[in-house]
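S.K.: A predicted structure for the sequence below; I have some questions about it.
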Amino acid sequence: MESYSVKRRIFYDRLFKAIIIFLTFCSILPLFFILFFITSKGISVINWDFLTQLPKPVGELGGGISNALIGTFLLVTIASIFSIPIGILTGIFLSEYRNGKLAYLTRLCTEILQGIPSIVIGIIAYIWLVIPLGSFSALSGGIALGLMMLPVIIMATEETLKLIPESLREASLALGVSYPRTVLKVILPAGFSGIITGILLGTARIAGETAPLLFTAFGNPYMNYNILKPINSLPLVIFNYASSPYPEWHKLAWGASLVLIILTLILNLFTKLVTKKWKIQF
Amino acid sequence: MKAAHFSKVAFAEIFFRKLLSLAGVFIIIILLAILFTLFISSFPAIRTFGLYFFSGSTWDPVRSEFGALPFLIGTLATSLLALAISIIFSLPIAIFLGEYFTQGGKATFIKSMIELLAGVPSVIYGFWGLFVMAPLVRKLELSLGVAPLGVGIFTASLILAIMIIPYSASLGREVISLVPADLKEAAYSLGATRLEVIQKVILPYAGSGILAGILLSLGRALGETMAVTMVIGNRNSIPNSIFSPANTLASIIANEFTEATDSLYLASLVELALVLFLVTTFLNTLGKWIIHRMAVNR
Amino acid sequence: MSQKITSLKEAKMQKTFKIITILFILFGFGQIGFTAEKELLGAGATFPYPLYSKMFDVYHKESGVKVNYQAIGSGGGIRQLINKTVDFGGSDAIMSEKDQAEAGGPILHIPTCAGAVVITYNLPGSPQLKFTPDIIGDIFLGKIKKWNDRRLQEINPGTNLPDMNITVVHRSDGSGTTFIFSDYLSKVSNEWRGQVGKGTSLKWPTGIGGKGNPGVAGLVQQTPGSIGYVELIYALQNKMPYGMVKNKKGNYIQANLKSTTLAANTTLPDDMKVSLTDTDSPDGYPISGFTWLLVFQEQDYARRSKEKAKELVKLLWWMTHEGQVHAEPLHYAPLSPKAAEKAEKLIKSISYKGSSLIQ
């Protein structure tokens, strides 16, 4: 600080700030490129037919993604049924037994589970569900997605419940409410918004997952409501059609991408709304 | 009667507590089951190839010779390159949000954009990469005199970098905002400019946390499948240049899993998955531990 | 005050959620009984996928049976059939003995049509090129690296070949198309046979990989100077040029319905496991091949019902008879009377608990 002038230091300081701001705004450019590209290519494809029709055979024009929409919906539902109850219970466990050895192990396992690449989860679901059941199925795809959603819900629940002050619990117990009732009817509702946030975020994350579905849900050109049979989904449509040489299929893939992005955006917006409206301040 | 009511309540409580513990145990069991399954299913390959699995550079399903070296190199090359590229952007974002603009309109805007970037599904990144980035890279390759494939390690690294920016940026931001205010104030009161505070106080202090963020991003990059599969060129041999096509651990599994036509082939693929699982777990655990230590020690 | 409203809302939401959940479970499980038998699941080759997707669409309209065929490559078809996760597999590769042994029971190869593997490329102006067997081999071995190589220019005197690198595009997944192509190359090139061999997944000396026939076609379409091998229909549907190939008798043949049919007109063994490459027919296209549907001969396995087996046999019969009309418009060669006869015999030999399912 002795040898160079204050002016120079201030100059570097300003330059640095400018570079930081520049690089930051640069890094969000790809987002705009992607959104612009998908919107411009996909918007012309989306119409009522697109959303309600089944895909056509190879090389024929037209067709739609109705079965993929239903498929994504069903898969997310199955994943939720699997992961929400267990996830919330585990989250409660972790926030109640914060420092126990079991809690430590559980937390560790949850974090590891969250970091497992989705393709590995797909392999696991294949070995656990597809081979024994003898068929690809929506169920196996849903469970694979559920395994990925589980850590998200667990951690969201734990974080939310940890923030709830002890005084609430103490007051309830002091009034003679039993422990299970206290947790379920007092503490849990207080953390409702945080838990819903976790669920929505988990849903947004798995709605776009493809890798686990490659060997589980498998795909289906028809409409399917049977969870024991293969099923189509939006990410699968995008993957299959994008890798094809047919321009018509590329267009369908752009349309499906736009639908998926809009879905994700809506879920994220919903999350923000929920947090604002239902968050109980202490 | 009061006694009976009391024991009913006690029973409900015990039952409930046991249920909670059961939930905790359930997660542990699931994880162990995953590890166990991966081991058992890859055992034929482990037994046949031993450690040569990792040094073998031949992946030949016809002759049942499986060596993972091409994919280890492909994975490392793409992930490290992606990491390097992403740091150029995620560190500035972390500093932007953690130091310069912690509140207010600009902060919310950038934060939301970053969240959106993270929310774009992998397959859409791959799709966009194939149709937008690959032609651009092709032009670049033509001007450099290299084979104009468009797909390959370079393209995959670019897409991967964009995908992990949000991850490392938000971790970096958290870590930077953990730096105690009094340390910064002390430096300012000595006449340091903001840059100097960042250089000499914040970054050194948050250094290990940023390192942890890097480790976690690396873990994320290693396991990324769909986007990489669509733009990496799918070549099962050791890449010899940054523009070469290659395959990563994740992409080879995605490509060949449904059709591994014999049990050694399948076991080899599962062994790749096992390696992926172990490496990402290691990186994630290490990273989280470093951050935990940092948060505890302040 | 706000807490009460929240918990009421929450209680309502919980109830609705529970109801929806129960409805879905009932719905999902309820479908099992009604529709299980009227659905068939297949997986495999992308080679005949355009034809199969048309056939299954028509079959659904005519019979109400849904056939879900996922084109994941012949390797995938074979694997999933062995794993018993699908009803039938589609493959243009003949099952290896190792796979056959792993399957546990005899697997029939029922031919559905014949197709041609064409050499497609991406060059400015899309010129019509000629190829000889040794040149194809050397290109895919990586020995001929440039389009204006002397040997290529020699057999294409009328065309000005550009000074571009040749980028080979091959399959990244296990492929029957690769099987047919490598079977051909193994016959016409000693070096290929020794270095690479024939199979569904090869150790390619050079090039980039695409997933499925569509993937290869897509990559060739997008990469200037590239060359790849795809089934004829993929080149036609995407208006991509493909080369004429010199066959055994020395004639340069264009791949089309006629030349493929001629190549298929050879002695057919009873099990129909025959290769059509490097045909002796003077006007036959040398890189042709049958594609098959693979099924277990004995259908009583893994809790399969007799009804399901019957549906499968009905489908196979339809595909080899009424369904054949859809082959020609898509440039696939329909089964010759001889081939159809052999196919019929094979289908009739499919049994459930020993007794034949069709007379």
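M.R.: Nice, I can see it.

S.K.: alpha carbons only for contacts and neighbour counts from here, please
M.R.: Noted.

S.K.: Show me the helices in chain C, by range?
M.R.: With helices called from DSSP state H, chain C shows them at C:2-35, C:49-63, C:74-82, C:97-103, C:133-141, C:150-155, C:176-188, C:190-195, C:212-222, C:232-237, C:257-264, C:306-320, C:337-348.

S.K.: right, and these - which one's nearest B:Pro44?
M.R.: Closest to B:Pro44 of these, according to C-alpha to C-alpha: helix C:97-103, at 15.1 Å.

S.K.: Kindly format the C-alpha coordinates of the closest one as CSV.
M.R.: The C-alpha coordinates for helix C:97-103 follow below in CSV (Å, rounded to 0.1, in the frame of the first residue of the first chain):
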residue,chain,number,x,y,z
GLU,C,97,-25.0,-68.6,-29.6
LYS,C,98,-24.0,-67.0,-26.3
ASP,C,99,-27.2,-65.0,-26.2
GLN,C,100,-29.3,-68.0,-27.3
ALA,C,101,-27.8,-70.0,-24.5
GLU,C,102,-28.5,-67.3,-22.0
ALA,C,103,-32.1,-67.1,-23.1
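
S.K.: which residues are in contact with that helix?
M.R.: B:Thr261, B:Asp262, C:Ile82, C:Asn83, C:Pro106, C:Ile107 (C-alpha atoms under 8 Å, 6 or more residues apart in numbering or on different chains).

S.K.: Identify the residues contacting the fourth one.
M.R.: Residues in contact with C:Asn83, defined by C-alpha under 8 Å, 6+ apart, are A:Ile131, A:Gly134, C:Ala103.

S.K.: re earlier: Serialize the helices of chain C to JSON lines and add fields for mean neighbour count.
M.R.: Output for those, formatted as JSON lines (neighbours: other C-alpha atoms under 10 Å in any protein chain shown):
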{"stretch": "helix C:2-35", "mean neighbour count": "13"}
{"stretch": "helix C:49-63", "mean neighbour count": "18"}
{"stretch": "helix C:74-82", "mean neighbour count": "29"}
{"stretch": "helix C:97-103", "mean neighbour count": "14"}
{"stretch": "helix C:133-141", "mean neighbour count": "19"}
{"stretch": "helix C:150-155", "mean neighbour count": "15"}
{"stretch": "helix C:176-188", "mean neighbour count": "25"}
{"stretch": "helix C:190-195", "mean neighbour count": "15"}
{"stretch": "helix C:212-222", "mean neighbour count": "27"}
{"stretch": "helix C:232-237", "mean neighbour count": "22"}
{"stretch": "helix C:257-264", "mean neighbour count": "24"}
{"stretch": "helix C:306-320", "mean neighbour count": "19"}
{"stretch": "helix C:337-348", "mean neighbour count": "18"}
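
S.K.: Kindly reformat these as JSON lines containing distance to C:Pro282 and mean pLDDT.
M.R.: Shown next, in JSON lines, are those (distance: least, C-alpha to C-alpha, whole Å; pLDDT from 0 to 100):
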{"stretch": "helix C:2-35", "distance to C:Pro282": "50", "mean pLDDT": "59"}
{"stretch": "helix C:49-63", "distance to C:Pro282": "27", "mean pLDDT": "91"}
{"stretch": "helix C:74-82", "distance to C:Pro282": "29", "mean pLDDT": "88"}
{"stretch": "helix C:97-103", "distance to C:Pro282": "32", "mean pLDDT": "86"}
{"stretch": "helix C:133-141", "distance to C:Pro282": "15", "mean pLDDT": "94"}
{"stretch": "helix C:150-155", "distance to C:Pro282": "19", "mean pLDDT": "91"}
{"stretch": "helix C:176-188", "distance to C:Pro282": "16", "mean pLDDT": "93"}
{"stretch": "helix C:190-195", "distance to C:Pro282": "23", "mean pLDDT": "92"}
{"stretch": "helix C:212-222", "distance to C:Pro282": "28", "mean pLDDT": "88"}
{"stretch": "helix C:232-237", "distance to C:Pro282": "20", "mean pLDDT": "89"}
{"stretch": "helix C:257-264", "distance to C:Pro282": "9", "mean pLDDT": "89"}
{"stretch": "helix C:306-320", "distance to C:Pro282": "27", "mean pLDDT": "90"}
{"stretch": "helix C:337-348", "distance to C:Pro282": "20", "mean pLDDT": "90"}
